[in-house]
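> got a predicted structure plus its sequence, pasted below:
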Amino acid sequence: MTPQPQPPASCPPAPTGANVQPGRQPAPLAHASAECSPPHPASRDEIAEPAGGRRVAMLLLVTAAYAASFAAWTLVGALAPIFAATWALSATQVGWLVAVPVAVGALARLPIGMLADRFGARGVLCALVLVQMAAAMMMSDATDYTGLLVIAALLGLGGGTFAAGAQFVGRWFPRGTAGLAFGVFGLGNAGAALTAGLAPVLWDLGGSRAVAGVYAAALAVMAIAFYGFARVPAGLPLAHARDLRGALRTAGAWQLSFLYVISFGGFLALSVHLATVLVDVYALSPAQAGRHVAAFAVIGTLARPVGGLLSDRWGGRRLLHGVFPLVTVLALALAMEPAHLTGTTIILLLGVMLGLGNGAVTQLVAEQFPTAVGTVNGLVGAVGSLGGLLLPVAQGIGQDLTGSYVFGFLLLAVLAQGGFLVNIFRRSR
């Protein structure tokens, strides 16, 4: 008989005998690490002895899945100027249209993160991508504003793929490398850049049917690939429900959530609404505005793994001390509606700062909540995504009332200053 592997000698003993009351199951150790958990046979979803190359392959696979989902999540925002011209929508209607997928994605992140922590990310992530595929197919038949809102809501469920993917990454990469790994995973945000540049071109070529066909096909391929090839290391137990609830009660989780309002919420808001602002303020065509948004999204996405790497070396908290004051200054500069060249430069610099901030916050989540990465990332992502809802709505209402988008950028500046203060005084748990 093959001997069963035992936990390391440094692990605390499991409760037995007198330590367990009759008729009750022993409670799990509250802070036991993954290596101290009882080993179990590898299932078809697991790999018994993962090698370094396999870690990289799994990271690239989940990053590709997240990128495809993120591209679909921002699809309505990229096409918002076209929808506005086609159905004569007001600025407020456009603001709500691009806010709906953000809001749905925000609300979905926490329950999806908890589901991934309890049952694994593979099936959860694939189901979300398939829902987005169905929504993309519906776009070819959209004929009015109400139909667009329904499609936007279904596409918005893809916002939860971040929480599921984060749980997957957390099972492959330990502390010390988690910041860089989550930064690479965050490169999936490049899906926003892809959509910003591609969706208007597809619309010009074949209208809504071309957009629907390309996106539905790409999402279907991604769902099949992830379900077919995604695996996790064996011997790492899934989280217990009581541990997940406990993590949600900590002050540190909620403080990190507010910091993500500024970094990711700001990035997401500009990714989905910046095209509309550029068309109105600088009289750009939708295609030209899309290229500007694509550049912003690419540079912000590339900055994210840099933020994770710097956080692994210096600490995410220290990095955020420098990021938030610069975000405040840049947002105030945009509120002044500078000339086109100056405004474009500021937008790109803002993308860098927000990307660095995203990398720092996700590194802090992995460092402080290693056994509840999906759940806490779900909470952080849910609250943070609401920041992406606030800015488009504030800008839309401000434009209708005053003819200016200044209020949205002022709101970002105020939130960034608040994030700086929270980062100074926040608790680690």
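Thanks, I have the structure now. Numbering: from 1, shown residues only.
> end-to-end on stretch 173-181?
Terminal residues of stretch 173-181 are spaced 7 Å apart (C-alpha to C-alpha, to the nearest Å).
> in that stretch, what counts as buried?
Neighbour-count burial for stretch 173-181, counted by 16 or more other C-beta atoms under 10 Å, picks out Phe173, Ala178, Gly179, Leu180, Ala181. Just so you know, the C-beta spots here come from the backbone N, C-alpha and C atoms, and that holds for glycine as well.
> so which strand or helix has the third one?
Using DSSP states H and E, Gly179 sits in helix 178-185.
> output the contacting helices and strands for that helix.
Helix 178-185 sits against helix 52-73, helix 161-172, helix 286-314, helix 340-368, with contacts defined as 3 or more C-beta pairs under 8 Å, 6 or more residues apart in numbering; DSSP states H and E.
> all strands for this protein, in order.
Here the chain has its strands, by DSSP state E, at 46-47, 232-233.
> what does the helix holding Gly179 rub up against?
Helix 178-185 has contacts (C-beta atoms under 8 Å, 6 or more residues apart in numbering) with 59, 62-63, 66, 165-166, 169-170, 172-173, 304-312, 316, 359, 362-363, 366-367.
> low-confidence stretches in this protein?
For the chain, the stretches flagged by pLDDT under 70 are 1-52, 175-176, 234-247, 371, 427-429.
> nearest spatial neighbour of the residue nearest the centre of it, chain-adjacent residues omitted?
Of all residues in the chain, the one closest to the mean position by C-alpha atoms, centre = their mean is Phe162, 4.4 Å from it. Leaving aside its chain neighbours, Phe162 sits nearest to Gly381 (5.2 Å; criterion: C-beta to C-beta, 6 or more residues apart in numbering).
> tell me how many other residues crowd the one you found.
31 (other C-beta atoms under 10 Å).
> again, but for Thr402
Number of residues near Thr402 (other C-beta under 10 Å) recorded here: 10.
> follow-up on the earlier one: what separation is there between the residue nearest to Phe162 and Gly113?
7 Å (C-beta to C-beta, to the nearest Å).
> shared neighbours of these two, anything?
Taking C-beta under 8 Å, 6+ apart as the criterion, Gly381 and Gly113 both touch Ala163, Ala166.
> what about Ala88, neighbour count?
9.
> next: Pro200.
Neighbours of Pro200 (other C-beta under 10 Å): 23.
> contacts only, for it.
Contacts for Pro200 (C-beta under 8 Å, 6+ apart) come out as Ala78, Leu79, Ile82, Pro286, Ala287, Gly290.
> okay, now Arg313: neighbour count?
The tally of other residues near Arg313 (other C-beta under 10 Å) stands at 12.
> starting at the chain centroid, how far to the helix ranked longest in the chain?
Using DSSP state H to define each element, the chain has its longest helix at helix 190-229. The chain centroid and the centroid of helix 190-229 are separated by 18 Å, computed with C-alpha atoms, centre = their mean, to the nearest Å.
> only the buried residues of it, if you could.
190-200, 202-203, 208, 210-216, 218-220, 222-223, 225-227.
> thinking again about what came up before, got the angle for the helix holding Gly179 vs helix 161-172?
Inter-element angle recorded for helix 178-185 and helix 161-172: 140 degrees (by axes from the mean of the first three to the mean of the last three C-alpha atoms, to 10 degrees).
> quick one: Ala103 and Gly156 touch, right?
Yes - here Ala103 reaches Gly156: they are 6.9 Å apart, a contact under C-beta atoms under 8 Å.
> if you count surrounding residues, which of the two has more?
The residue with more neighbours, out of Ala103 and Gly156, is Gly156; 26 against 19, by other C-beta under 10 Å.
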